[in-house]
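**Q** Need a 3D model of the following:
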Amino acid sequence: MAGGNGNGKVVPGAFPPPVDSPGEFIKRELDHEDERIDVGVAIVGGGTAGLACANRLLQLLADDPETLERLGEVPVAVIEKAKSCGGHNLSGAVMRPGPLEELFPEMTREEWRKAGFAYGEVEKEAVYLLPSSKTKIRIPPPPPQKNHGNEVISVSEMCRFMQEKAEENGAYILTETSATELLVEDGVVRGVRSGDKGRGKDGEEMSNFEPGADVTAQATVLAEGCWGSLTGAAIREFELAEGREPMVWELGVKEVWKVPKPLDRVIHTLGGWPLHLSSKYHQIGGSWIYPMKDEKTGDDLVSIGFVVDLDYADATTSAHDLLQTFKTHPLVRKILDGGERVAWGAKALPAGGYWAMPKLSMPGAVIVGDSAGMVNTAALKGVHYAIQSGILAAEAIYATLARGESLEAYEDAVEDSIIGKDLYEVRNVRQPFAKGFLQGGPIVNLMIASKGRFPGGRWSLHRNDAQPMFIGNTDKRYVQPDGKYTFDKLSSVFITGNQTRDDAPNHIRVQTEVPRVVAETWKWMCPAGVYEIPDDAPEEGDVDVIVNYTNCVQCGAITAKGGRLTTPEGGDGPLYQVT
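**A** Below is the predicted model of the structure:
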């Protein structure tokens, strides 16, 4: 098997995952009316964007009983594949508070903390470059990363809070329910189909089998987060990415620690150790350390994470192992020493920005939050954009239901909001890093200082899976896990509360015979140890890949490097608590 980019170098994108058909996630013939579940608005995904949409829409409907009645017995349904909302959600996170204050104006930030999802306002911050494993250089925070006055949160806990609010307002939350197909009839999205439950690993019906059902809706919201199968299907079906740049991605791995001493500031590191900065390795990334004071228990917690751009070239790059190695730096040790790890998780995030965002509406549906690529990588922010997009989507949907207005108004609202304005200012900041951190960094600084005006224009992006790979030596930098301060992948997956059945169907699609460099890329990249290479595999040429899909924590990174994550059975995957 051969594959490359025309110059003999191997690229993961040359080994695409098996696909049944281009429209495999589209269902064009709806079930009989007696077999459908009819709802007013179907929201796919119980994350921050989807739940913000549900809450705002129900607020508007509460003042319009006529429209509410037309939506039927279930005016708003949220379809969430995890065991609870927030179960698959992970972020740093330091959140800009404005959109959440807009959504729940009756609540104070002190009440957020009492509710258990917020941990305090940022008063101090520090940014460092790390030249080596022992040294650090403090620099002024870049303007987009100034966080004074923002709020440290747990996004998984915030989703559970938003779920409770939505249910109080009348939403029907369908947890442990996957949405596996987009219902499209006569060029209009009519809802989604829920996935079957109780199938064996070969697809056979087991004794507890429950078939899925068509969930038809007057409007559908795609809030799947990163790598949504239905969002991808909608983008292809309605050509929503035409004229856009390809989306690119990053992978973040996070831990939460209980520590003996409170941390008094937000800390970030940019580039530098333990990454290779040469353009050959093409490694871009950084870290965060955030204080989390739990007002319920009095515990001092710390959120720590490492993020890597998935455009790297060295197949041995591992975000999980980079985080473990980063923790051995004296800057980090003085914070974590004497503490204990209480949580771990991993998640890919969209990093293409303004030029890579798809068209946000189509007949019958809209796209919100991470599904639409609403992340500002220069500011390390996305949660507040997700909430804002959910609010704007709800207002556009309400105008459609109540007055017959077009859903395209949602796109204009996003463009005119903080989302469009902020992302336009940083529309080109990812692209210069194609030259490497040292060469691209000064260009990015000019862009940030000029708010995108210089250098201006439109800079191209290139797919992550088109990056030629080589087997380098980043793995030689990784520390050996001791099980107390540094940890391996499998023990980390264990503490996520992963619920995947051993006999569940495989939801990961990859070719299982690929060149060694592609197999090494998958093995090292995956934070959950899903991909293995047999011990007796040849050092060169094609090798078999073992897929331990029950380890999967739904991070989505495989889709950036040649595979595809599809929707698992409802209820499978992690059950994040404080991530």
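
**Q** Return the alpha-carbon coordinates of the longest helix seen in the chain using PDB.
**A** Taking DSSP state H as the criterion, the chain has its longest helix at helix 383-403. Presented in PDB, the C-alpha positions along helix 383-403 are these (Å, rounded to 0.1, in the frame of the first residue of the first chain):
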ATOM      1  CA  VAL A 383     -16.900  28.700  25.800                       C
ATOM      2  CA  HIS A 384     -18.500  32.200  25.700                       C
ATOM      3  CA  TYR A 385     -18.700  32.100  21.900                       C
ATOM      4  CA  ALA A 386     -20.600  28.800  22.200                       C
ATOM      5  CA  ILE A 387     -23.100  30.300  24.700                       C
ATOM      6  CA  GLN A 388     -23.500  33.400  22.500                       C
ATOM      7  CA  SER A 389     -24.100  31.300  19.400                       C
ATOM      8  CA  GLY A 390     -26.700  29.300  21.200                       C
ATOM      9  CA  ILE A 391     -28.500  32.500  22.300                       C
ATOM     10  CA  LEU A 392     -28.400  33.900  18.700                       C
ATOM     11  CA  ALA A 393     -29.600  30.600  17.200                       C
ATOM     12  CA  ALA A 394     -32.500  30.500  19.600                       C
ATOM     13  CA  GLU A 395     -33.600  34.000  18.700                       C
ATOM     14  CA  ALA A 396     -33.400  33.200  15.000                       C
ATOM     15  CA  ILE A 397     -35.300  30.000  15.400                       C
ATOM     16  CA  TYR A 398     -38.000  31.800  17.500                       C
ATOM     17  CA  ALA A 399     -38.300  34.400  14.700                       C
ATOM     18  CA  THR A 400     -38.700  31.600  12.200                       C
ATOM     19  CA  LEU A 401     -41.400  29.800  14.200                       C
ATOM     20  CA  ALA A 402     -43.300  32.800  15.300                       C
ATOM     21  CA  ARG A 403     -43.100  35.100  12.300                       C
END
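
**Q** Just the mean pLDDT for it, thanks.
**A** With pLDDT averaged residue by residue, helix 383-403 scores 99.

**Q** after it, next one along is what?
**A** Moving toward the C-terminus from helix 383-403, the next helix or strand (DSSP states H and E) is helix 409-416.

**Q** What segments of the protein are helices?
**A** 48-62, 65-70, 98-103, 109-115, 155-168, 229-237, 319-326, 330-336, 383-403, 409-416, 418-425, 437-449, 489-494, 516-525.

**Q** just checking, what packs against the third one?
**A** The elements that helix 98-103 packs onto, with contact taken as 3 or more CB pairs under 8 Å, 6 or more residues apart in numbering; DSSP states H and E, are helix 48-62, helix 383-403. The way it works is simple: take the backbone N, C-alpha and C, and place the C-beta from them, glycine included.

**Q** any chance of those in CSV, plus mean neighbour count?
**A** What follows is the helices and strands packed on helix 98-103, written out as CSV (neighbours: other CB atoms under 10 Å):
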stretch, mean neighbour count
helix 48-62, 27
helix 383-403, 25
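
**Q** now those helices in CSV, with distance to residue 120?
**A** Output for those, formatted as CSV (distance: least, CB to CB, whole Å):
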stretch, distance to residue 120
helix 48-62, 19
helix 383-403, 16
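
**Q** Relative to residue 295, which of those helices is closest?
**A** Nearest to residue 295, of all the helices and strands packed on helix 98-103, is helix 383-403, at 20.1 Å by CB to CB.

**Q** Can you check what angle separates that closest one from helix 155-168?
**A** 20 degrees (axes from the mean of the first three to the mean of the last three CA atoms, to 10 degrees).

**Q** Show me what the longest helix of the chain packs onto, helices and strands only.
**A** In this structure, helix 383-403 packs against strand 37-44, helix 48-62, helix 65-70, helix 98-103, strand 214-222, strand 365-367, helix 409-416, helix 418-425, with contacts taken as 3+ CB pairs under 8 Å, 6+ apart.

**Q** right, and the ones you listed - which one's nearest residue 344?
**A** For the helices and strands packed on helix 383-403, proximity to residue 344 was assessed by CB to CB; helix 48-62 is nearest, at 20.7 Å.

**Q** List the beta-bridge partners for residue 174.
**A** Assessed by DSSP bridges, residue 174 has beta-bridge partners residue 79.

**Q** if we can go back for a sec, identify, out of the helices and strands packed on helix 383-403, the most deeply packed stretch.
**A** Mean neighbour count (mean count of other CB atoms under 10 Å) peaks for strand 365-367 among the helices and strands packed on helix 383-403, with a mean of 31.

**Q** Give me the mean pLDDT for that strand.
**A** In this model, strand 365-367 has an average pLDDT of 99.

**Q** quick one: it to chain centroid distance?
**A** Between the centre of strand 365-367 and the centre of its chain there are 18 Å (CA atoms, centre = their mean, to the nearest Å).

**Q** Contacts for that strand, please.
**A** Strand 365-367 is contacted by residues 182, 189, 219-222, 231, 234, 240, 358, 360-361, 393, 396-397, 407, 410 when judged by CB atoms under 8 Å, 6 or more residues apart in numbering.

**Q** returning to that earlier point: just put the helices of the chain in a markdown table and tack on distance to residue 248.
**A** Listed next are the helices of the chain as a markdown table, based on distance: least, CB to CB, whole Å:
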| stretch | distance to residue 248 |
| --- | --- |
| helix 48-62 | 20 |
| helix 65-70 | 40 |
| helix 98-103 | 25 |
| helix 109-115 | 33 |
| helix 155-168 | 22 |
| helix 229-237 | 15 |
| helix 319-326 | 15 |
| helix 330-336 | 28 |
| helix 383-403 | 17 |
| helix 409-416 | 20 |
| helix 418-425 | 14 |
| helix 437-449 | 14 |
| helix 489-494 | 24 |
| helix 516-525 | 15 |
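
**Q** show me the contacts for the nearest residue to residue 152 once chain neighbours are set aside.
**A** Spatially, and ignoring its direct neighbours in sequence, residue 152 is nearest to residue 119 (4.4 Å; CB to CB, 6 or more residues apart in numbering). Residue 119 is in contact with 113, 151-154, 290-295, 301, counting by CB under 8 Å, 6+ apart.

**Q** out of those, which are buried?
**A** For these, a burial check counting by 16 or more other CB atoms under 10 Å picks out 113, 151-154, 290-294, 301.

**Q** does residue 443 really touch residue 454, like I thought?
**A** No. Residue 443 lies out of contact with residue 454 (CB atoms under 8 Å); the separation is 9.8 Å.

**Q** Give me the more crowded residue out of the two.
**A** Between residue 443 and residue 454, counted using other CB atoms under 10 Å, the more crowded position is residue 443 (18 against 11).

**Q** Next up, the contacts around that one.
**A** Residue 443 makes contact with 432, 435, 455, according to CB under 8 Å, 6+ apart.

**Q** How about residue 137?
**A** Listed by CB under 8 Å, 6+ apart, the contact partners of residue 137 are 128-131.

**Q** out of those residues, which is most surrounded?
**A** In these, the most neighbours by other CB under 10 Å go to residue 130, 22 neighbours.

**Q** Mind pulling up the pLDDT for that one?
**A** On pLDDT, residue 130 comes in at 97.

**Q** Also residue 418?
**A** 98.

**Q** how near is residue 473 to residue 373?
**A** Note on residue 473: its distance to residue 373, by CB to CB, to the nearest Å, is 33 Å.

**Q** ignore the last one, residue 395
**A** Going from residue 395 to residue 373 by CB to CB gives 21 Å.
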